[in-house]
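*Asks:* Next one to model:
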Amino acid sequence: LGDVRVLFIGEEHTNGEFHRVQLRVIEALHAAGRKVIVGLEMFPWTTTTPLERWSRGELTEQQLLDEAGWYESWSHHWGGYREIFVFARDNRLRMVGVNAPRDVVRNVRAKGLESLDAETRRRMPPAIDITSADHRALVTSYFSADDPLHSNMSPEQAEGLYQAQVTWDAAMGWNAGKALATPADPKEIVVVLIGSGHVAYGLGAERQLAPSFRGRIASLIPVTVRDV
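*Replies:* Numbers count the residues shown, from 1 in each chain. This is a model prediction of the structure:
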């Protein structure tokens, strides 16, 4: 990862082993002299001040949870991510929200990508690609045939769901790239904590960022190995 500028590390949100890998990678990059910026799926790009204050050591854990609205933005327990946040605070690593606000994603799901307003569009790549058959097949595979919520969707509903997924991918990829300094500092690297579904096979956030990004991008998904 020596010359990587944006690194997406996929996770199963409730699996502590994935978060342990994320922490170890961040620790190793920091020890190697990289300027690590931690990108966060769990916060939208509108959440800035609480994360900045946390990185400066100005907030307690409870203050961070309250001021950033952890449980309003994210449904998974703080404990799973705590060690990563503590390491970032103790080493003054910058942390940034890279996701789209929920109302943006809901609007796209209901009305399509063409409904994005100019200000929101500015936080997305110049072109959002919805043409990948491989990505469509991957997203479809996430939902089983007997899934009561998704198996009976109309074609219009299925397209809305797909475009919402692409909105997440595009926003998180683009805002991760934009977190880097201009002019470029080769020591900087954005490490994005992100669901594995947005990372798999490079078809999600990485694919949306790559056409407009100058620099190397990488994706990493830990694999759970069980003793038998």
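
*Asks:* quick one, strands of the protein?
*Replies:* Taking DSSP state E as the criterion, the chain carries its strands at 4-11, 35-44, 94-99, 188-195, 216-220.

*Asks:* and of those strands, who's closest to residue 61?
*Replies:* When the strands of the chain are compared for distance to residue 61 using Cβ to Cβ, the nearest one is strand 94-99, at 13.7 Å. The C-beta positions use only the backbone N, C-alpha and C, and glycine is treated the same way.

*Asks:* tell me which strands and helices the closest one is in contact with?
*Replies:* strand 35-44, helix 49-55, helix 82-90, helix 155-178 (3 or more Cβ pairs under 8 Å, 6 or more residues apart in numbering; DSSP states H and E).

*Asks:* Columns mean pLDDT on top of the strands of the chain, output as JSON lines?
*Replies:* As requested, the strands of the chain are arranged in JSON lines below (pLDDT from 0 to 100):
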{"stretch": "strand 4-11", "mean pLDDT": "98"}
{"stretch": "strand 35-44", "mean pLDDT": "98"}
{"stretch": "strand 94-99", "mean pLDDT": "98"}
{"stretch": "strand 188-195", "mean pLDDT": "98"}
{"stretch": "strand 216-220", "mean pLDDT": "97"}
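
*Asks:* any chance of those strands in TSV, with mean neighbour count and distance to residue 159 too?
*Replies:* Shown next, in TSV, are these (neighbours: other Cβ atoms under 10 Å; distance: least, Cβ to Cβ, whole Å):
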stretch	mean neighbour count	distance to residue 159
strand 4-11	23	25
strand 35-44	22	23
strand 94-99	23	21
strand 188-195	24	21
strand 216-220	18	26
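
*Asks:* right, and those strands - which one's nearest residue 76?
*Replies:* Smallest distance to residue 76 across these (Cβ to Cβ): 7.5 Å, for strand 35-44.

*Asks:* Mind checking the helices and strands packed on strand 94-99 for the one nearest to residue 139?
*Replies:* Of those, nearest to residue 139 by Cβ to Cβ is helix 155-178, at 5.3 Å.

*Asks:* Can you give me the buried ones in the closest one?
*Replies:* 160-177 (16 or more other Cβ atoms under 10 Å).

*Asks:* Can you show me the CA trace of it as CSV?
*Replies:* Provided in CSV are the C-alpha atoms of helix 155-178 (Å, rounded to 0.1, in the frame of the first residue of the first chain):
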residue,chain,number,x,y,z
PRO,A,155,-38.9,-3.2,-11.9
GLU,A,156,-39.2,0.5,-11.0
GLN,A,157,-38.7,-0.2,-7.3
ALA,A,158,-35.7,-2.4,-8.1
GLU,A,159,-34.2,0.4,-10.3
GLY,A,160,-34.7,2.9,-7.5
LEU,A,161,-32.9,0.6,-5.0
TYR,A,162,-30.0,0.1,-7.5
GLN,A,163,-29.7,3.9,-8.0
ALA,A,164,-29.7,4.4,-4.3
GLN,A,165,-26.8,1.9,-3.9
VAL,A,166,-24.9,3.7,-6.7
THR,A,167,-25.5,7.0,-4.9
TRP,A,168,-23.8,5.6,-1.7
ASP,A,169,-20.9,4.3,-3.8
ALA,A,170,-20.4,7.6,-5.7
ALA,A,171,-20.7,9.8,-2.7
MET,A,172,-18.3,7.7,-0.6
GLY,A,173,-15.8,7.3,-3.3
TRP,A,174,-15.8,11.0,-4.4
ASN,A,175,-15.7,12.4,-0.8
ALA,A,176,-12.8,10.1,0.1
GLY,A,177,-10.8,11.4,-2.8
LYS,A,178,-11.7,15.0,-2.0
